[in-house]
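Chemist: model the structure of this input:
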Amino acid sequence: MKITILGCGTSVGVPSLGILGWGRCNPNNPKNRRQRSSVLIQDKDVNILIDAGPDIRNQLLNAKINKIDAVLITHTHSDHISGLPELRPFYFGERKNIPIYGNSKTLNDLKVSFDYLFEKKSTSPSYFTPPMTLNEINEGKINFFNFDLDIFIQHHGNIDTLGFKFNNQFAYSTDVVEMPEKNFKLLEDLDLWVVEGLRDEPHEAHAHFDLTFEWIKRVKPKKSILTHLAHVDYDHVMSICPKDVYPGYDGMEFEL
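Modeler: Take a look at the predicted model:
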C-alpha cells in the first residue's frame, strides 16, 4: 500500500491570499508551501482518493495519476469538495462513472452543490453524461475494493467528519477537534496515522498540536504525520514533535 499526501494545508492554503500570506512560515522552505488537504491510497492497480479540494487538479497531475477508482469524502466544507468537477476527465476514457462515497449528509450536500455531476438535467447538453455516482457509507467495517476499510466518526466543531482506517495499517483523521473515546481502541497499533495538527493555539473546530500529541500518545502508532497545517513553520513544528511524529508536506510518500 502506497500513501501520498497530496496536500497538507489548512482551508486557505499556504501561502494564502490577502494579509495572511506566509504567516510564520519561511517562504524559502518548499515544505511550507501547502495545498488543501487530500491523500491518495494505492494498492496494486487501485487508486483511492480522500477529498478533492480546490487544488486537486494540480495535485493529481504532480502525482502522475491517470485514473481514480473511488473518492471518499470526509465532509463537505469547500476545501474538501470544491475540486470534484476537476475529476470529470477521468470519466472520459472508459466512460466509467467515478463512485463518490460519503454519509447521508455529505451525499445530500453534494447533490445541491454539484447536481450535474450525478444526474442529467433537462437543460443539460445532449452530449453530456453525468460522470459520477453517489454511494452512502456509514460508521463500521466494510470491504472496499482491495481494502478492509473501517469508517469512524469524528467531531469537527458543530459537525461530524469521517475518518478512515485501511487494512489495520493506515488511518486518516482530518478536521477533528474531539475524538470519540471508542476510536482510540480502533486506532491502536497503526503503522501510520495521518492526523490533523492545525497550530500551536487551541481552535474550536481543529485539533492543536498538544491535543494531537495526546491522542498519538494513547494510540501509539509506529509513525504519525500532521496534516491540515496552518501558517506554522515546518522547522518549528519539527522542533516540538515527539518521537516518530513529523509535520507533513505536499508530495510526502509512504509504502506500508
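Chemist: now do the buried residues in stretch 27-37.
Modeler: 31-37 (16 or more other Cβ atoms under 10 Å). In short, each C-beta sits where N, CA and C put it, glycine included.
Chemist: let me fix that: stretch 61-76
Modeler: Those would be 65, 68-76, for stretch 61-76 by 16+ other Cβ under 10 Å.
Chemist: helix or strand with the lowest mean pLDDT in this structure?
Modeler: Every helix and strand in the chain was compared by mean pLDDT, DSSP states H and E; the lowest is helix 89-92, with a mean of 95.
Chemist: what residues of that helix count as buried?
Modeler: 90-91.
Chemist: export it as CSV, just CAs?
Modeler: What follows is helix 89-92, C-alpha atoms only, in CSV (Å, rounded to 0.1, in the frame of the first residue of the first chain):
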residue,chain,number,x,y,z
PRO,A,89,-11.7,13.9,-17.2
PHE,A,90,-11.1,10.5,-15.5
TYR,A,91,-14.6,9.6,-16.9
PHE,A,92,-13.8,10.5,-20.5
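Chemist: other SSEs contacting it?
Modeler: Helices and strands touching helix 89-92, by 3 or more Cβ pairs under 8 Å, 6 or more residues apart in numbering; DSSP states H and E: there are none.
Chemist: what separates it from the chain centre, distance-wise?
Modeler: 21 Å (Cα atoms, centre = their mean, to the nearest Å).
Chemist: do the same with stretch 61-81
Modeler: Taking the mean of its C-alpha atoms, stretch 61-81 sits 8 Å from the chain's own mean (Cα atoms, centre = their mean).
Chemist: let's number from 468 now, not from 1
Modeler: All set: I'll call the first residue 468, so the last point we hit is now stretch 528-548.
Chemist: quick one: end-to-end distance for it.
Modeler: The first residue of stretch 528-548 is 18 Å away from its last residue (Cα to Cα, to the nearest Å).
Chemist: what about the helices in the stretch 518-667 of the chain?
Modeler: 523-529, 545-548, 556-559, 571-580, 648-653 (DSSP state H, counting those that start in this stretch).
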